[in-house]
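Q: Give me a 3D structure for the following:
(2 chains)
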Amino acid sequence: MSTAIIDIEHVVKRYEMGDEEVYALRDVSLTIGSNEYVAIMGPSGSGKSTLMNMLGCLDTPTSGKYLFNGANVAEMNDDDLASIRNKEIGFVFQTFNLLPRATSLKNVELPLVYAGVSAEERTRRAQEALARVQLSDRMGHKPNELSGGQRQRVAIARAIVTAPSIILADEPTGNLDTKTGHDIMNLFRDLWKAGNTVILVTHEEDIAQHARRIIRLRDGRIESDITNHNHA
Amino acid sequence: MNILESILLAFDAVRSQKLRSGLTLLSIGIGVFGIISATSIMGALQQAVNGQLADLGENSILIQRTPSINFGTNWAKMRRRKNITYQQAKEFRDKMASTNLIAISNEAPGYTIKAGQLSSNPDVTLIGIDDLYFAVNAVSVSSGRPITESEVNTSRPVVIIGQDIVSSLFPATDPIGQQVTIKTQKFSVIGVLEPKGGVMGQSQDNRVLIPITVFNKYYTWEWDASVDISVKATNSMLLPVTVDEATGIMRSLRNVKPWEENNFELDTNDALTGQFSGFTTALLVVAWISGLGALVAAGIGIMNMMLVSVKERTREIGVRKALGARKSWIVRQFLIESITLCQLGGLTGMIGGIGTSYGVTSLLRSFNMPSITFVFPLGTVIFSVVICTIIGIGFGLYPAWRAANLDPIEALRYE
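A: Model (predicted):
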């Protein structure tokens, strides 16, 4: 394991639902280094979504420490979090979440717009990212003109276009058939082999088996954290 | 790209909710329409009247069958009034104190003046005057000479022409002594009017003066045969006395019973201006209040539309936030969208308002007010753009703020 990108220590996330206090995470500590390929697993209610939101800087812990590349996320304001999400994290969602009215190219350019990159460079980098997911011939298509697998590849291109520290994929194959899902997992493997850090959140065992390290959560705690020697 | 994208999104919102956005845009349109058309028509009227009043000299009284400005008055009753005939006007002149200067005139719009192959615009005002016209009114001759008493009495075919007619008929020659034709009659030019230029952009030089006797012979119709009488009091101290005297003489000449009201109009320069500006101000206030009311109602409609739009695009907002959009970006995007919506409605109202005021001024000109001209209401147009922007921001701010403060996790989960 090389330098730590993510360093979580004794993180607790508590929600108040009416009079009741609900603990989504109870004392989770975790370190993820550069160029790891991690799957986070667990049944629903295990806290896996909360952990993913936390890792993605969409949420901050109630207590505990979260260092992202050494910076304390727990103390950041909304704009700092937005900036970290923009530059350091590439999100891939189960439902793709592309803007329906925009072409593939414009969708991939979007994070660069928020990063303040010039129009020319945006187009160049978006074209490169689409080439990496083998969609150079679909740049002018809108999402409804693409298949599910193609949409997810556009989403992956959008996730990698800013060259983020981590790629955070939430059930990336959940809306795809087995074959297309397999292609997408091959793409993640290629990205990982090219040096990216990939974090998968899934409840599917065979998807998790693609990763090198599998973290299982239960009732807001880490149940197991193992190196997967049989990765696919 | 972001501004353009937001503008396109606004058009999308209009397209996806045709009825609601149609009604909202309509109410913005109506507000802007009301403000623009009222301001523009009132401006044109004001200017026309000022032009007319500009002729009426100081300490002067104008007596006419019907008021020069007739709004809110009983038009049918006005129409039943008998004409002030030239004969009656001359009797009036004889009965008034001899210290007053009294001029009798009549005018008709829409004439074409010809000289050889050349002809003027077809909208020249023809005015029949007597020899005292120049003494009473604030009008004078710059070259040549005025019309004399004997020319009036003997109906000589002489004419004094305004500067606009000089430019179109005699661009290179001295007009004095030349012949012009008005309809079928030939006239010789004896003078040129002092250029008055425009009163607020409207030409005062587009007219010709001929002896009133000639005018009465060839250019009046029964419905328009009534003449105007202008009386110049000796000085401003005597003006009220002169008004009383003139009123009394006119009443007796026109057989008005003591219990009846005047069957003619008698106005002084001040009274006319005051009357008119009082009227226009009242109308403008009403138009502006209802226009602004419509705009506020429209603003609430815009807010509703934007809130629906925020709700429908919750997930998209979540995605944008996940990809790193700051709050200020989201706010800006929705503000641009609501401003675009407002401008879209405002543009409709603007086109309608300008079109209407152009139509109304043309209509008024062809009927009763030869001197009215349409003036492009640039100031009001700018004002409308500004107010639409303010409404777009004012009523878009809350929806934009709501969008910017959505919890990204909730927003991403929104179905």
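Q: Quick check: nearest residue in space to B:Thr24, chain neighbours excluded?
A: Leaving aside its chain neighbours, B:Thr24 sits nearest to B:Gly301 (3.6 Å; criterion: Cβ to Cβ, 6 or more residues apart in numbering or on different chains). C-beta: built from backbone N, CA, C; applies to glycine.
Q: doesn't the one you found fall inside a strand?
A: No - under DSSP: H, G, I helix; E, B strand; the rest coil, B:Gly301 sits outside any strand and is assigned helix.
Q: And the pLDDT at it?
A: For B:Gly301, the model assigns a pLDDT of 85.
Q: who's in contact with the closest residue to chain A within the stretch 301-415 of chain B?
A: At 2.3 Å from chain A, B:Gly324 is the closest residue in the stretch 301-415 of chain B, using Cβ to the nearest Cβ. Residues near B:Gly324 by Cβ atoms under 8 Å, 6 or more residues apart in numbering or on different chains: A:82-83, A:85-87, A:111, A:114-115.
Q: Spatially central, which residue of chain A would that be?
A: Centroid-nearest residue in chain A: A:Leu168, 1.0 Å away (criterion: Cα atoms, centre = their mean).
Q: From what I see, it and A:Ile89 are in contact.
A: Yes - the pair A:Leu168 / A:Ile89 is scored as a contact, 5.7 Å apart, by Cβ atoms under 8 Å.
Q: where do the contact lists of these two overlap?
A: With contacts taken as Cβ under 8 Å, 6+ apart, A:Leu168 and A:Ile89 have A:Gly56 as neighbours in common.
Q: Worst mean pLDDT across the helices and strands of chain B, which element?
A: Lowest on mean pLDDT, DSSP states H and E among the helices and strands of chain B sits strand B:198-199, with a mean of 47.
Q: got the buried residues for stretch A:111-122?
A: Buried residues in stretch A:111-122, counted by 16 or more other Cβ atoms under 10 Å in any protein chain shown: A:111-114, A:117, A:122.
Q: now swap in stretch A:14-34 and tell me
A: A:23-25, A:28, A:30, A:32, A:34.
Q: would you list the residues you listed in CSV and tack on pLDDT and distance to A:Leu67?
A: Below are these laid out as CSV (pLDDT from 0 to 100; distance: Cβ to Cβ, whole Å):
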residue, pLDDT, distance to A:Leu67
A:Tyr23, 89, 22
A:Ala24, 90, 20
A:Leu25, 92, 16
A:Val28, 93, 14
A:Leu30, 93, 11
A:Ile32, 95, 11
A:Ser34, 92, 14
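Q: If we check chain B, which of those are in contact?
A: Among those, no residue lies close to chain B (Cβ under 8 Å from any Cβ of the partner chain).
Q: Show me which of those is closest to B:Leu266.
A: A:Ala24 (89.6 Å; Cβ to Cβ).
Q: so where's chain A shaky on pLDDT?
A: A:1-2, A:232 (pLDDT under 70).
Q: helix, strand or coil for residue 99?
A: All of this refers to chain A. Using three-state DSSP, the secondary structure recorded for A:Leu99 is coil.
Q: looking at chain B here, not the other one
A: coil.
Q: ok, now which ones touch the spatially closest residue to it that is not a sequence neighbour?
A: Once flanking residues are discounted, B:Thr99 sits nearest to B:Thr234: 5.1 Å by Cβ to Cβ, 6+ apart. Listed by Cβ under 8 Å, 6+ apart, the contact set of B:Thr234 reads B:59, B:99-100, B:242.
Q: Kindly present those as TSV, with separate columns for pLDDT, neighbour count and distance to B:Asp131.
A: Converted to TSV, the contacts of B:Thr234 look like this (pLDDT from 0 to 100; neighbours: other Cβ atoms under 10 Å in any protein chain shown; distance: Cβ to Cβ, whole Å):
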residue	pLDDT	neighbour count	distance to B:Asp131
B:Asn59	79	21	20
B:Thr99	75	11	17
B:Asn100	81	19	15
B:Thr242	88	22	20
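Q: Report the two of the residues you listed separated the most.
A: Pairwise distances across the contacts of B:Thr234 (Cβ to Cβ) peak at 12.0 Å, for the pair B:Asn59 and B:Thr99.
Q: pLDDT weak spots in the stretch 151-300 of chain B?
A: B:197-203, B:221-224, B:272.
Q: residue boundaries of the strands in it?
A: All strands of the stretch 151-300 of chain B, identified by DSSP state E, counting those that start in this stretch, fall at B:158-161, B:179-182, B:185-193, B:198-199, B:202-203, B:207-211, B:228-232, B:265-268.
Q: Save these as TSV, and put in distance to chain A and mean neighbour count too.
A: Listed next are these as TSV, based on distance: least, Cβ to the nearest Cβ, whole Å; neighbours: other Cβ atoms under 10 Å in any protein chain shown:
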stretch	distance to chain A	mean neighbour count
strand B:158-161	64	26
strand B:179-182	67	18
strand B:185-193	63	19
strand B:198-199	50	16
strand B:202-203	50	18
strand B:207-211	61	26
strand B:228-232	67	23
strand B:265-268	64	20
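Q: Quick one: the ones you listed as TSV, columns for distance to A:Met76 too.
A: Output for the strands of the stretch 151-300 of chain B, formatted as TSV (distance: least, Cβ to Cβ, whole Å):
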stretch	distance to A:Met76
strand B:158-161	83
strand B:179-182	87
strand B:185-193	80
strand B:198-199	66
strand B:202-203	66
strand B:207-211	78
strand B:228-232	82
strand B:265-268	76
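Q: In chain A, what residue comes closest to chain B?
A: Counting by Cβ to the nearest Cβ, chain A gets nearest to chain B through A:Asn86 (2.3 Å).
Q: I'd guessed that residue sits against A:Pro111; true?
A: Yes - assessed by Cβ under 8 Å, A:Asn86 is found in contact with A:Pro111 at 5.9 Å.
Q: what do these two both touch?
A: A:162, B:323-324.
Q: Can you tell me how far A:Val161 is from B:Thr242?
A: 88 Å (Cβ to Cβ, to the nearest Å).
Q: Next, A:Lys65: secondary structure please.
A: Here A:Lys65 is strand, with the state taken from three-state DSSP.
Q: Can you get me a residue count around it?
A: A:Lys65 is flanked by 15 other residues according to other Cβ atoms under 10 Å in any protein chain shown.
Q: which secondary structure element contains the residue nearest to the centre of chain A?
A: Using DSSP states H and E, A:Leu168 maps to strand A:166-170.
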